[in-house]
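**Student:** please work out how this folds:
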Amino acid sequence: MASNFKIYNLFIYALFTTIFIAIGFTGFTYLWFGNINFIIENIPFFIVLIAMILVGLNVFLFVIIRHQRRKDFTQLSKNLPQISSEEVDFEGLSQKISDITEVQSKEIDFLNERENYRREFLGNISHELKTPLFSVQGYLLTLIEGGIDDENIRDKYLNRINKSVDRLIYLVRDLDMISELEKGRIDIQNNPFNLVALIQDVIDLLEIKAEKNNIRLVLNHPSDYTLRVVGDIEKIQQVLINLIVNAINYSDENTTIKIELKETEDAVKIMVKDQGVGIKNEDLSRIFERFYRVDKSRNRNQGGSGLGLAIVKHILEAHNQKIYVQSKVGKGSTFYFYLRKAL
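**Tutor:** Numbering: from 1, shown residues only. Predicted coordinates for the structure are as follows:
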């Protein structure tokens, strides 16, 4: 097909050249004799002559172009290294091309995944900020339009405004924390501390929240037991608070949340077990993403920011540890991680 196209171009070029020659000859005849009767009287001769010129030009151009190509290919071949077919590892070359293609395909998939994550994150944070802001706006408008004169409405709406503002502060604080963690700007102060005493303090802190839902918080060690580990006590406290609050938010009433400690030779396994709704398998790989919720309506009503588990993940990674989860739908979930024992 390409060869036919080149021959066609060659013919067109020769045809236009022949027409140009014929027009030039006709013009010369007119200028010399004052008319073109000479051409008209001998028109069969001139038709044959033009046809011969056309064919001759085609052959001439074809020969010239073919010769030039051979010359170019000869020059090019002199500059290429001499490689025999035996020296070329076609199988290895094919594998390299396949590897490059696979790597590029993975990079494209990664970029698409990051772009989808970016869109989802922007949508989530917009929703999280919009909900309390609209609530504050609505309550304020009611008070401005005369509700402030009614003492009951005023007190009720001011309390609701205060809760919405607390939610905004909570969200902004968590966003700031996770941003600093992801950038590696928060220093981890690894010092020995008593893990049992820390967990007991967290239980005391969250006991009222748990009691509102008739949920018991139980530690499998007595409060006076000493179990020393190494880590940043403030950051580990944040991890424990986030895990236990998450367990409370996703647990049904009249259930128990167990905090269990299991010692190994050089580490302690910390487990937070709930009897809640559980997590579906397709959600397990995403629960540590920012703003990702297993049950959006339930957790949002509880006032969570959707950042708690993401913060847990980053804090433990800063301690060179990981967070793990086991869950069954309708049976509950167990989150656990390890801390190194103090010497």
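
**Student:** please name the nearest non-neighbouring residue to Gly330.
**Tutor:** Excluding its sequence neighbours, the residue lying closest to Gly330 (C-beta to C-beta, 6 or more residues apart in numbering) is Gly278, at 5.5 Å. (Each C-beta comes from the backbone N, C-alpha and C, glycine too.)

**Student:** does that neighbour belong to a helix, a strand or coil?
**Tutor:** Three states are possible here, and by DSSP: H, G, I helix; E, B strand; the rest coil the one that applies to Gly278 is coil.

**Student:** burial check on it, number of neighbours?
**Tutor:** Using other C-beta atoms under 10 Å, the number of residues around Gly278 comes to 17.

**Student:** got it, and the one 5 residues further on?
**Tutor:** Taking other C-beta under 10 Å as the neighbour definition, Asp283 ends up with a count of 15.

**Student:** take the strand or helix carrying it, keep the C-alpha atoms, and write them as PDB.
**Tutor:** In this structure, Asp283 is located in helix 281-284 according to DSSP states H and E. Taking only C-alpha atoms (Å, rounded to 0.1, in the frame of the first residue of the first chain), the coordinates of helix 281-284 have been written out as PDB:
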ATOM      1  CA  ASN A 281     -13.700  -7.800  53.700                       C
ATOM      2  CA  GLU A 282     -13.900  -5.300  50.900                       C
ATOM      3  CA  ASP A 283     -13.600  -2.500  53.500                       C
ATOM      4  CA  LEU A 284     -10.600  -3.900  55.500                       C
END
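
**Student:** that one: which residues count as buried?
**Tutor:** Within helix 281-284, no residue is scored as buried using 16 or more other C-beta atoms under 10 Å.

**Student:** which residues touch Asn233?
**Tutor:** Actually, residue 233 is Ile. It isn't Asn. By C-beta atoms under 8 Å, 6 or more residues apart in numbering, the contact set of Ile233 is 191, 193, 198.

**Student:** could I get the residues you listed as JSON lines with pLDDT, secondary structure and neighbour count?
**Tutor:** Supplementary listing: these in JSON lines, determined by pLDDT from 0 to 100; DSSP: H, G, I helix; E, B strand; the rest coil; neighbours: other C-beta atoms under 10 Å:
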{"residue": "Asn191", "pLDDT": "91", "secondary structure": "strand", "neighbour count": "11"}
{"residue": "Phe193", "pLDDT": "94", "secondary structure": "strand", "neighbour count": "19"}
{"residue": "Leu198", "pLDDT": "93", "secondary structure": "helix", "neighbour count": "18"}
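
**Student:** quick one on the thing from earlier: quick check: phi and psi on the residue nearest to Gly330?
**Tutor:** The phi and psi values for Gly278, taken as degrees, to the nearest 10, are phi 80, psi 170.
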